[in-house]
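# Have a look at this prediction, sequence included:
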Amino acid sequence: VSVEQVGDNIQLNQYKLMHPIGQGSYGIVKLAYNEEDDEYYAMKILSKKKLLQKAGIFGRMAPSRKPSGKTAPENPLTRVYREVAILKKLDHPNVVKLVEVLDDPTEDTLYLVFELLKKGEVLEVPTSTPLPEDKAWKYFRDVVLGLEYLHYQKIIHRDIKPSNLLVSDDDRIKIADFGVCNEFNREDDAILTSTSGTPAFVAPEALANPKGSYSGKMADIWQLGVTLYALVYGQIPFNDGNILKLYDKIQHDELQFPPKPEASPLLKDMLSKMLQKDPQKRITLPEVKVHDWVTQ
Ligand SMILES: COc1ccc(C(=O)/C=C\Nc2cc(OC)c(C(=O)O)cc2Cl)cc1
């Protein structure tokens, strides 16, 4: 990877890095112009050092079992490289496409080149101007198809939220940021034990008994419910500045619908079934696909 300063822009191989377009706990995403194909891309910039530090705190790895029964935590970078390899294989209209990885083993920075979704995040939350129901319906159907594909590929997203839903210029939604916080497994579902992702979106079962384990797929459905609620009401269903009160509300507060904007009875039914606190009673993705609000 050749890195050079050209004027006030960094040039990475054929990419000219422009202004930042996304920021998060993961790092930063910059607009990148590709001189070879005269196209723009979204360049996600990751620091390997930061990934290593982060893994130390809460990125619990699936421990690689040793014959001695001792579990050695996997090197977080191996995990990132494995996931990048899998992300390169993913190909679905509702999942953001990883185009290229620029990685200089001697450098601390890892560059992930993604297709650019020109309209960016679907909605900034909180907002006083949420999506009209028909718009939320159109986008929700895209997210359901994208998530169905990820689950089929044995990927649990674990961080579904409006800021990870990007809108293309032909007004389709693509799911992003499944690259560094999900679990792979060989069974039919991921049995998770740690929480990761965004606190206000974490499923109640992930908070109940930290030592317990829970279904990754059903936790994704919960987050899908919080996300759809946020798209139509402009706010999340459970919120508190204090993280412990937030977790208590997620686990124990009854779901409430604001009087305004008025949501249809079918939509409220859809939301109630996804935001069912007991994962055993929660609606599954195949059932969401045939729910009357989705199919109307
Ligand atoms: C207003 O115009 C805008 C156009 C595009 C953007 C944008 O793309 C933002 C984030 N992008 C991404 C983030 C990711 O993770 C956090 C991943 C991933 O790791 O999967 C991939 C992408 Cl692309 C923002 C504003």
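Great, that's in hand. Numbering: from 1, shown residues only.

# and Ile173, what are its phi and psi?
Dihedral pair for Ile173: phi -100, psi 140, per degrees, to the nearest 10.

# hang on, it packs against Gly120?
No - in this structure, Ile173 is not within contact of Gly120 by C-beta atoms under 8 Å, at 11.5 Å. The C-beta positions use only the backbone N, C-alpha and C, and glycine is treated the same way.

# Just to be sure, Val294 is in a strand?
No - assignment of Val294 by DSSP: H, G, I helix; E, B strand; the rest coil gives helix, placing it outside any strand.

# give me every residue that touches it.
137, 140-141, 144, 270, 288 (C-beta atoms under 8 Å, 6 or more residues apart in numbering).

# Relative to Asn164, how far out is it?
Distance, Val294 to Asn164, using C-beta to C-beta, to the nearest Å: 20 Å.

# so who does the nearest residue to Val202 once chain neighbours are set aside touch?
With C-beta to C-beta, 6 or more residues apart in numbering as the criterion, Val202 has its nearest non-adjacent residue at 5.2 Å, and that residue is Thr195. Residues in contact with Thr195 (C-beta under 8 Å, 6+ apart) are 202, 206-207, 210.

# Separate out the buried members of those residues.
202, 206-207 (16 or more other C-beta atoms under 10 Å).

# Near Ser215, how many other residues are there?
When neighbours are counted by other C-beta atoms under 10 Å, Ser215 registers 20.

# same for the ligand: which of the contacts of Val294 are within range?
For the ligand, no contacts are drawn from these by C-beta under 6 Å from any ligand atom.

# From those residues, which land in helices?
Residues from the contacts of Val294 lying in helices, with DSSP state H as the criterion: 137, 140-141, 144, 270, 288.

# Show me which residues of the stretch 1-150 of the chain sit near the ligand.
Near the ligand, when you scan the stretch 1-150 of the chain using C-beta under 6 Å from any ligand atom, you find 21-22, 24, 26, 29, 42, 44, 96, 114, 117-118, 120.

# thinking again about what came up before, can you tell me which of the contacts of Thr195 is nearest Leu102?
Distance to Leu102 across the contacts of Thr195 (C-beta to C-beta) is lowest for Val202, with 32.6 Å.
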